[in-house]
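S.K.: Generate a structure from the sequence data that follows.
(one chain, ligands or ions: 3)
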Amino acid sequence: QLQLNYYSKSCPKAEEIIKQKVIELYNEHGNTAVSWVRNLFHDCIVESCDASLLLESVGDVVSEQTSERSSGMRNFKYVKTIKAAVEKECPLTVSCADIVALSARDGIAMLGGPKFEMKTGRRDGKESHVTMVEEFIPNHNDSISLVLSRFQAIGVDVEATVALLGGHSVGRVHCMNMVHRLYPTVDPKLDPTYAAYLKLRCPTPNPDPNAVLYARNDRKTPMIIDNNYYKNILQHKGLLTVDEELATDPRTSPYVKKMAADNGYFNEQFSRAVQLLSENNPLTGDQGEIRKDCRYVNAN
Ligand code: HEM
Ligand SMILES: [Ca+2]
Ligand SMILES: [Ca+2]
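M.R.: Ligands and ions are numbered 1, 2, ... in the order given. Purely as a prediction, here's the structure:
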């Protein structure tokens, strides 16, 4: 079972080392912290917080990172920096799954979000769940009903789901994922002034997938996890269809309004929601393994 300070005897400095590395990486590349938040979502919602997301394609393994749902994900190479520091202190002791969880927690703090405790003791899975990625991770234009049911299936209630989407208070969206709302005609649900701005960011309906054309999720505080996301979506300035729907669906809009009005309430719910997400179906005890290199299952 997961517990607070799982490594207190086996590697007492583990959490501190991870936090230090997250801070150092943030100071070099601020967007690493943004990536740690998205990584937690993409790992934990797919079957388990088992670091399946981190596996790279090799031999029979096809990486979850190759899924279309993982589009735009970045900074995987810096997980290595964190893992190396932890391995140096305590070889083969701290799981990559706990690194995913703790780096997200510490990344959230660096981005001005809430600070909270997180249980540890997750073990690493031995397989990529690439064939399940599209089943578990909603698409940007899926309905809010589908989004709610996906989260409900892993024990995340409606209020917590609304809070988790607050992750879209930081980071970016590539044009590829929103041009359908701009061309051939602007989605009437999108604020027209904002749409005009987004068209400047994304000038063509068929963006070259290799071109790095994107807009920031939250123009006002793009690198701060705060309730500005909810203010934006209430003004119909959400980039994705799911963002827009979150603001208008009767099941979610009361929470959206409350979070827009009260950053303290948002922080409270965001902490609770991240903890819930991070505890989805972990491998514990003698299940799985402690990976030596987060990119590959151990050779045996
Ligand atoms: C429910 C449905 C969700 C959908 C459909 C969705 C979809 C997306 C899409 C399409 C992008 C843009 C990727 C790109 O073009 O680069 C994105 C970015 C992002 N998402 Fe989500 N997301 C969802 C939930 C979440 C949750 C729960 C979190 C975390 C708590 C999260 C965190 C992020 C972050 C931090 C980014 C910015 C990444 C970056 O700038 O590198 N998302 N999401
Ligand atoms: Ca996983
Ligand atoms: Ca923000």
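S.K.: contacting residues around the residue nearest to Val86 when sequence neighbours are not counted?
M.R.: Distance criterion C-beta to C-beta, 6 or more residues apart in numbering; nearest residue to Val86, sequence neighbours excluded, is Val94 at 4.7 Å. For glycine as for every other residue, the C-beta is placed from the backbone atoms N, C-alpha and C. Residues in contact with Val94 (C-beta atoms under 8 Å, 6 or more residues apart in numbering) are 7, 11, 14, 18, 86-87, 290.
S.K.: next one: Phe266
M.R.: Counting by C-beta under 8 Å, 6+ apart, Phe266 has contacts 163, 166, 226-227, 230, 259.
S.K.: The helix or strand hosting it: which residues count as buried?
M.R.: Using DSSP states H and E, Phe266 sits within helix 263-278. For helix 263-278, a neighbour-count test (16 or more other C-beta atoms under 10 Å) marks 265-267, 269-278 as buried.
S.K.: Equivalent analysis for stretch 154-161, please.
M.R.: For stretch 154-161, the buried set under the neighbour-count rule, 16+ other C-beta under 10 Å, comprises 154, 156, 158-161.
S.K.: Would you check which pair of these lies furthest apart?
M.R.: Ile154 and Glu159 (14.8 Å; C-beta to C-beta).
S.K.: which among the contacts of Val94 gets closest to Val100?
M.R.: Ile18 (10.4 Å).
S.K.: Now for the closest one: which residues touch it?
M.R.: Shown in contact with Ile18 (C-beta under 8 Å, 6+ apart): 82, 85-86, 94, 99, 102-103, 106.
S.K.: Next: His180.
M.R.: Asn141 are the contacts of His180 under C-beta under 8 Å, 6+ apart.
S.K.: What of Ser71?
M.R.: Per C-beta under 8 Å, 6+ apart, neighbours of Ser71: 174, 176-177.
S.K.: what does Asn75 give?
M.R.: Contacts for Asn75 (C-beta under 8 Å, 6+ apart) come out as 29, 31-32, 35-36.
S.K.: of these, buried ones?
M.R.: Buried among these (16+ other C-beta under 10 Å): 31-32, 35-36.
S.K.: In helices only, show me those residues.
M.R.: 31-32, 35-36 (DSSP state H).
S.K.: for these, which one is nearest ligand 2?
M.R.: Ligand 2 lies nearest to Trp36 out of those, by C-beta to the ion, at 14.8 Å.
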